[in-house]
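Asker: I'll drop the sequence and a predicted model, then ask my questions.
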Amino acid sequence: MKFTIAVLPGDGVGPEIVAEGVKVLRAVGKKSGHEFNLKYGLIGGTAIDKESTALSPETLKMCKATDAVLHGAVGGPKWDDPQAKVRPEEGLLAIRKGLGLFANLRPVKMFPELVDATNLKPDVVRGVDMVFVRELTGGLYFGRPKRQYVTSRGRRAVDTMAYSEQEIERIVRVGFELARTRGKKLVSVDKANVLESSRLWRQVAMEVHQHYPDVTLEHMLVDSCSMRLIQNPRYLDVIVTENTFGDILTDEASMLAGSMGMLPSASLAGVPRAGEHIFGLFEPIHGSAPAHTGKNDINPIATILSVAMMLRYSLGLPKEAQSVESAVESVLRAGYRTYDIMSEGKAKVGTREMGDLIAGKVGG
Ligand code: IPM
Ligand code: MG
């Protein structure tokens with residue numbers, strides 16, 4: 001089969017990690033005979049510098065005409081002035097909104113080989129395997145009003161956390177569908193003891209639950225969830241939550257997998273059901289890591305595992321996805337590590353070397 005993939009490397013380490021993702025995709029193409037036609041575009045600070053906007057309408061249009069998008073990272077000190085007219089992150093938010101990518105899947109899995117690489121107790125993190133379903137196009141990130149203004153008593157700023165029942169329903173459905181394919185247990189995270197938007201969230205979650213009697217639903221407050229994540233992470237399987245809570249909880253949860261450098265993500269434009277593929281954007285959950293830029297030391301595994309998610313969710317190639325995941329596991333088993341997951345007695349390698357090793361194992 002032939003596929004067209006939009007590739008948006010972005011800023012900082014973005015181009016370095018995306019190059020390794022592409023390397024692995026090429027290896028998949030060679031082994032499987034599928035053709036991947038890549039179309040490159042600009043996003044973030046790099047787009048601000050060259051096109052005066054964090055995401056041009058042309059780039060968005062180009063992405064719409066593809067089967068999936070591979071994204072690196074955006075942002076960096078060069079564009080960090082709080083008074084700047086446009087920020088790199090706006091490019092990422094615009095593409096999420098513009099492509100209707102409301103469902104962000106973030107799997108958190110502790111590879112047995114990395115149990116020693118975490119600074120948490122091995123007994124706590126061993127066997128951790130959960131998936132966050134983060135709502136991605138609503139809540140505080142997009143709610144209006146959103147602005148700073150001057151009053152007679154000084155400056156004020158407002159952000160708005162707003163959700164419609166339709167927005168809640170479709171994301172909760174993604175949670176239930178995913179729970180059905182896993183442990184049949186869904187935890188819905190909210191702050192219903194304080195927030196109106198959370199009370200609606202909880203109500204809608206209970207209504208959608210009627211359609212999924214085979215899955216158990218538990219509500220958990222976000223503060224309590226952040227504690228449970230560290231106290232007993234194996235308790236959690238599929239977690240569905242709104243945009244900001246999901247952003248914060250997944251950075252916290254990444255430590256359960258040893259490093260942010262291990263966590264991939266899929267942002268989908270629909271509810272994934274068995275046998276269907278859905279347009280999506282695939283990216284590591286980590287940022288542009290300016291301090292690591294150009295050093296060939298950043299961990300490319302989060303991006304490579306994002307390529308696996310792309311093969312599975314958007315291209316309908318589960319066998320190929322599995323072969324990328326197995327390649328990652330076998331390279332870890334062989335003892336190769338980037339700096340962030342390094343432990344005693346292992347072989348330290350750079351970004352490109354890690355990509356070469358994994359690409360070499362694909363389908364083999
Ligand atoms: C993420 C990032 C983004 C977010 C930033 C870069 C806008 O932190 O994907 O988790 O907050 O969603
Ligand atoms: Mg984040």
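Answerer: Structure received. Ligands and ions are numbered 1, 2, ... in the order given.

Asker: got the contact list for the nearest residue to Val238 once chain neighbours are set aside?
Answerer: Distances taken as Cβ to Cβ, 6 or more residues apart in numbering place Ala179 nearest to Val238, at 4.3 Å, with adjacent residues excluded. For every residue, glycine as well, the C-beta is placed using N, CA and C. Applying Cβ atoms under 8 Å, 6 or more residues apart in numbering, one finds that Ala179 lies in contact with 185-186, 212, 215, 237-238.

Asker: isn't Ile278 up against Leu268?
Answerer: Yes. Between Ile278 and Leu268 there is a contact at 4.8 Å, judged by Cβ atoms under 8 Å.

Asker: tell me which of these two has more neighbours.
Answerer: Set Ile278 next to Leu268 and count neighbours by other Cβ atoms under 10 Å: Leu268 wins out with 26 against 17.

Asker: list the contacts for the more buried one?
Answerer: Leu268 touches 101-105, 174, 278-280, 313-314, counting by Cβ under 8 Å, 6+ apart.

Asker: nearest the geometric middle of this protein, what residue?
Answerer: By Cα atoms, centre = their mean, the chain has its centre lying nearest to Ser265, at 2.6 Å.

Asker: for the stretch 151-300 of the chain, give me the ranges with low pLDDT.
Answerer: Filtered on pLDDT under 70, the stretch 151-300 of the chain yields no residues whatsoever.

Asker: pick out the residue in it sitting closest to ligand 1.
Answerer: Nearest residue of the stretch 151-300 of the chain to ligand 1, counting by Cβ to the nearest ligand atom: Asp247, 4.5 Å away.

Asker: so that residue: helix, strand or coil?
Answerer: Here Asp247 is helix, with the state taken from DSSP: H, G, I helix; E, B strand; the rest coil.

Asker: what sits closest to it if chain neighbours are left out?
Answerer: Nearest-residue entry for Asp247: Arg134, 6.9 Å, with adjacent residues in sequence omitted and distances by Cβ to Cβ, 6+ apart.

Asker: how much space is there between Ser288 and Leu140?
Answerer: Separation of Ser288 from Leu140 (Cβ to Cβ, to the nearest Å) stands at 22 Å.

Asker: next structured bit after the lengthiest helix in the chain?
Answerer: Assignment by DSSP state H gives helix 14-32 as the longest helix of the chain. Using DSSP states H and E, the helix or strand that follows helix 14-32 in sequence is strand 35-40.

Asker: and the helix or strand following that next one, how far out from the chain's middle?
Answerer: With elements assigned by DSSP H and E, the helix or strand that comes after strand 35-40 is helix 45-51. Chain-centre distance of helix 45-51: 23 Å, with Cα atoms, centre = their mean, to the nearest Å.

Asker: also stretch 212-225?
Answerer: Here stretch 212-225 is found 21 Å from its chain centre; the criterion is Cα atoms, centre = their mean.

Asker: if we go by neighbour counts, what in it is buried?
Answerer: By neighbour count with 16 or more other Cβ atoms under 10 Å, stretch 212-225 contains the buried residues 212, 215, 217, 220-222, 225.

Asker: remind me which helix or strand the residue nearest to Val238 belongs to.
Answerer: Per DSSP H and E: Ala179 is located in helix 165-181.

Asker: what's the burial count for the residue nearest to Lys78 when sequence neighbours are not counted?
Answerer: Leaving aside its chain neighbours, Lys78 sits nearest to Gly45 (6.0 Å; criterion: Cβ to Cβ, 6+ apart). Using other Cβ under 10 Å, Gly45 is surrounded by 26 other residues.

Asker: touching both of Ile278 and Leu268, which residues are there?
Answerer: Both Ile278 and Leu268 are in contact with 313-314, where contact means Cβ under 8 Å, 6+ apart.

Asker: can you list the residues of this structure near ligand 1?
Answerer: 75, 89, 92, 247, 285, 287 (Cβ under 6 Å from any ligand atom).
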